[in-house]
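> give me the fold of what follows.
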Amino acid sequence: SQAPHFRLLLSRERGKSGGEFYPAGFRQDLAKSPFNAQTRELAQDLINFLRRPEVQVRLYAKGFFHGKAYIFDNVAIVGSSNFTRAGLTDNTELNAVHKQGYAAQAVREWFERFWDEAVDYKEDLITLLEESKLVSRGYSPYIIFLKSLYELFKDEITIDLEKGRELGKSLVNLADFQEKAFERALRILEKHGGVFIADSVGLGKTWIGKKILEHYGYFQRKKVLVIAPAQLKEMWEGELRSINVAAEVVSMELLGRDEFEAERYFDADLVLVDESHNFRNSNKRYFNLQRIMASGKRKKAVFLTATPINNSVFDLYNQLMLFVPSERAFARMGIPHLRQYFIRAHQGGDLLDLLEEVMVRRTRQFVKREFPDAEIDGEPIRFPERKLRTVYYDLESRFPGIYHRAAQLLEGLSLGVYNIEAYLERPNINSLLEAKKNEALIGLIKTMLLKRFESSVASFRKSIERQIGFHERFRQELIDHGRILDSRSFRKLLTTNENADEILGKLPAAEASEFRKQRLLQDVSRDLRALRELLDLVGPIEITNDPKVAALVELLREHPDKKIVVFSHFSDTIAYLQKALSGVYAADIAPRRWTVVDGSVPPRERAKRIARFAPLAQNANVPPEEELDLLLATDVLSEGQNLQDASMLVNYDLHWNPTRMVQRAGRIDRLRSPHEEVYIYNFFPERGLESLLGLLKRLTEKIAAINRNVGLDASILGEAIDPKTFNTLKRIEKEDVAVADELEAEAELSGEFMRAVLAAFLEKVGVERLERIPLGVHSGKKSPDRKGVFFHFKVRNQHHWRFYDVEHDEVLDSRLAIFKLIQSNEGEPRVEAGYDIDNLLDRAISELVETINDQQAAIVEAMPKVQRDAIQRLRSLVRHPDLEREELVGLLKALSAKPLARALLKELGDLGKTYDDDLEWVTAVAAFVQKYDLEPDGEQASRHDVVSKDEVELVVYMELS
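Residues are numbered from 1 along each chain as shown. The predicted structure follows:
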């Protein structure tokens, strides 16, 4: 039989003195309850029961009400049993059952006294149940989307960043958006030991880096080192003086020299690298920096670059490996092996999950959109408006057919001197593979020649003369001495100014008997004829009749009152323009004062010239009569320099790497520019360009095809033209100003856009709305793309996003791809899909636990072979009579602590080749260990406890139908 009425008196949670009232522990109990069909049904049954009119619920809010009593008409039970399943059935409790009427009545009167003082709580309790994960009623997809973002970034919102600042007030004043970057950079540094500050050009990366240096170098008294391009060395020295940080600034150029003493900097605590993309390739300066980073205690690294990826994702990988201790460093974040992760990204994946861990990246458009009221020193920040303009020149009308014939001759070159493996009499699998890769190199050489042809006749002429010189020498050796010269060393001549004879003289030789000499000789002779025709083709073009030079002079004359920077990718082109403007066109551009800045100008002189051109930006005191108003520059100037005194920039050659246009524009398009508008002029040939573009497209497609078949080195792929570039060029020619913003947006590598969505909501509504939402809740929405379920899990403070596609039985784990699927708008209707959530959830948790445990097992990384060999050799000497066992054990511990960086591996391997004598080798290894302070630091990875299903916490889920 049913009770005529039911009254439930609850108490406020212990310690709660105000705000939201709810029963003690009930919210937590709901969050921890099993998420299955049975529990969800029980919750719904309870709601249905509470909605009955004979059921009343009140909350005693005047204090913590701890009594337990169950009162019926003539019976009262008083004791320790809570109104829970355990309290009523399982626990050992002590209760007194009062069957006497007077006793039951006394308990009832006690109850009525508190009941009268309590507040109605029935609807609140129903709401509490409905808002729990067991019902999730009323949550829109928009709120669930935001709840997921809030939990993902929650720690960033609440973290205390004041540690280490108590010594004084910062001398570095930042705008709001810069301050947020600084704070996030500190969090990343403390977590991972390295951070990329990769904001777009002109957004003040230097200032953010400067405040980081102040934080560690001044307030925490750490030893800091700054590495920067030579032309920025004096600038950084001045910035360090302004914040009272005693630190050395080392130029990148010095790092690349044989005499560089890396050991001087092994004791640095933090290393800041400006324009860090210059370390995207493994060369001498790269290995010297790696030696510094890998020595002794682990250093913090701050890398400043607007273009962390210039050509290939492996640009970023190489920079990252300078401060990441191993390939397994991010295994706990769901990235078991870094190189494999980058290979997947190169094949079409994304890098967002990794970059969320190590990078701060905002674009100009992002800052304008999200920080419209930002100020620096009380002044509103603003950007000048960009204007694109196209300048045409007509080479075709003066020299008819020149583009078509040049493209025809270049395409017909065999360039067999760069692919001698293709002429082997008896090729094997390795030589055939090498020959195929060399075809891509030849495509790259032709691409380079086409770029130089478009840039200037002088640049092209020099390259063709070099090629002719090499081919003639190659042919002479083949005919006179029967030898084939290995041409690999000659490649660098294509991009350097070294003496051709000096390089040619150093080339080694191989026996011609291994090769099909006659066929090779025919190809070389045919190429020589084509190269000489190419030289004759451009022979008639001189400064006096070059329409491209004339177009530049006319542009300079049209803007006599503007400061102008003229950029070219090639120093030969800049030299050609210098000759033109100082010679036959000197009178036409008078009274302009101008100079050249390229790689041949020493850094100190370069800085003087820049200060004379942009005294306001450089804060330099330059007399008006010494001020310059025109700079001819190569891309040595497109990095880091503030030239915002200028309002006009000229790109004399086409943008084969469009991100370079954004970099160059950033020299004048900057915060606090004195100009309302800045103009970017781009040179295009009026006719004939299609002949060049057509060949370039074919070469690009061929290189891509070879890469798909045999795989190419990143250095070759990095120099190849991206197919999207051709469409970008057309848009630049049409003066489509949006192209620059889109190029920046494509490079929006980190998840700042995700934070922006959350920040906008929090600013409008506040944290409490999302904080109040319990974990495990869900919603649903219509999706035009994929059908399935998004799960957000949390395991040991690590967040995991998964999307289960129910149509294709696929699982997505890319945060970027999932974000695009679940992104919702305010007002978007909730739609229930009716999927079998219990089975999907059980599968998702099982697979996640398996994945995490597999990744945990992979954290302990196998040692590289060089290191294993050294360890084995040491072990074999443990009983050597002339060696101290204790010393050998110490060396073994040092070399076994963790995988060594590549630079150190090379050095360790060289020791093994140099010293055959065991005693001498052990002495050298001991010196190596001491030099790099390789004592175990306690940070090496170890295997961790296995994760269980019980540790997986469901944050939210969303059905897409």
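> what distance do you get for the closest residue to Ala374 other than its chain neighbours to Tyr681?
Leaving aside its sequence neighbours, Ala374 sits nearest to Ala175 (Cβ to Cβ, 6 or more residues apart in numbering; 4.5 Å). Backbone N, C-alpha and C define where each C-beta goes, glycine included. Using Cβ to Cβ, to the nearest Å, Ala175 is found at 30 Å from Tyr681.
> can you check Leu94 too?
91 Å.
> could you do Tyr142 as well?
For Tyr142, the distance to Tyr681 equals 45 Å [Cβ to Cβ].
> ditto for Asp653
For Asp653, the distance to Tyr681 (Cβ to Cβ) stands at 12 Å.
> got it, and Ala926?
Distance from Ala926 to Tyr681, by Cβ to Cβ: 62 Å.
> ditto for Leu888
In terms of Cβ to Cβ, Leu888 sits 68 Å off from Tyr681.
> buried residues, the longest helix seen in the chain. List them.
Once the chain is assigned using DSSP state H, the helix that runs over the most residues is helix 429-455. For helix 429-455, the neighbour count (16 or more other Cβ atoms under 10 Å) marks 434-455 as buried.
> over to stretch 285-302?
Across stretch 285-302, burial judged by 16+ other Cβ under 10 Å covers 285-296, 298-302.
> quick check: mean pLDDT across it?
The average pLDDT within stretch 285-302 is 91.
> need the contact list for the residue nearest to Ala374.
Ala175 sits next to Gly204, Phe371, Ala374, Glu375, Ile376, Ile381, Leu671 when contact means Cβ atoms under 8 Å, 6 or more residues apart in numbering.
> count of neighbours near Ser647?
22 (other Cβ atoms under 10 Å).
> what's the answer for the one 3 residues further on, then?
Here the number of neighbours of Val650 (other Cβ under 10 Å) works out to 23.
> so what does the helix or strand containing it touch, helix or strand wise?
If you go by DSSP states H and E, Val650 is part of strand 648-651. Using 3 or more Cβ pairs under 8 Å, 6 or more residues apart in numbering; DSSP states H and E, the elements in contact with strand 648-651 are strand 564-567, helix 658-665, strand 677-685.
> what's the least confident stretch among the ones you listed?
Mean pLDDT per stretch puts helix 658-665 lowest among these, at a mean of 78.
> could you export it as PDB, CA atoms only?
The C-alpha coordinates for helix 658-665 follow below in PDB (Å, rounded to 0.1, in the frame of the first residue of the first chain):
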ATOM      1  CA  PRO A 658      54.000  33.000 -49.900                       C
ATOM      2  CA  THR A 659      54.700  33.000 -46.200                       C
ATOM      3  CA  ARG A 660      57.800  35.000 -47.100                       C
ATOM      4  CA  MET A 661      55.500  37.800 -48.300                       C
ATOM      5  CA  VAL A 662      53.800  37.800 -44.900                       C
ATOM      6  CA  GLN A 663      57.300  37.900 -43.200                       C
ATOM      7  CA  ARG A 664      58.400  40.800 -45.400                       C
ATOM      8  CA  ALA A 665      55.200  42.700 -44.900                       C
END
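> what angle do that helix and strand 677-685 make?
140 degrees (axes from the mean of the first three to the mean of the last three Cα atoms, to 10 degrees).
> before we move on, the earlier item: quick check: buried residues in the strand holding Val650?
Met648, Leu649, Val650, Asn651.
> which of the residues you listed sits closest to Arg264?
Leu649 (39.2 Å; Cβ to Cβ).
> so what's the closest one bridging to?
For Leu649, the beta-bridge assignment (DSSP bridges) gives partners Val565, Ile680.
> how much space is there between it and Leu895?
Leu649 is 53 Å from Leu895, by Cβ to Cβ.
> go on, Leu30?
For Leu30 relative to Leu895 (Cβ to Cβ), the value is 54 Å.
> how far is stretch 918-932 from where the chain is centred?
38 Å (Cα atoms, centre = their mean, to the nearest Å).
> how about that stretch: buried residues?
Trp921, Val922, Ala924, Val925, Phe928, Val929, Lys931, Tyr932.
> also stretch 68-76?
Buried residues in stretch 68-76 (16+ other Cβ under 10 Å): Ala69, Ile71, Ala76.
> and for stretch 397-408?
Phe399, Ile402, Tyr403, Ala406, Ala407.
> surely the second one and Asp394 touch.
No: under the contact definition of Cβ atoms under 8 Å, Ile402 does not touch Asp394, with a separation of 11.0 Å.
> quick one: contacts for the residue lying closest to Ala633 once chain neighbours are set aside?
Leaving aside its chain neighbours, Ala633 sits nearest to Val597 (4.5 Å; criterion: Cβ to Cβ, 6+ apart). Shown in contact with Val597 (Cβ under 8 Å, 6+ apart): Arg606, Arg609, Ile610, Leu631, Leu632, Ala633, Thr634, Val636, Leu637.
> centroid-nearest residue for this structure?
Leu355 (4.6 Å; Cα atoms, centre = their mean).
> and that residue, what element?
Using DSSP H and E, the element containing Leu355 is helix 352-358.
> just to revisit the earlier point, out of the buried residues of stretch 397-408, the closest to Tyr423 would be?
Distance to Tyr423, by Cβ to Cβ, is smallest for Ala407 among the buried residues of stretch 397-408, at 26.2 Å.
> got the contact list for that closest one?
Taking Cβ under 8 Å, 6+ apart as the test, what Ala407 contacts is Leu450, Ser691, Leu692, Gly694, Leu695.
> same check on Asp258?
Contacts for Asp258 (Cβ under 8 Å, 6+ apart) come out as Lys284.
> phi, psi for it please.
Taking degrees, to the nearest 10, you get phi -60, psi -30 for the backbone angles of Asp258.
> likewise Val249?
Dihedral pair for Val249: phi -110, psi 120, per degrees, to the nearest 10.
> kindly report the same for the one 5 residues further on.
Per-residue torsions, Leu254: phi -70, psi -40 (degrees, to the nearest 10).
> right, I'll call it a day here.
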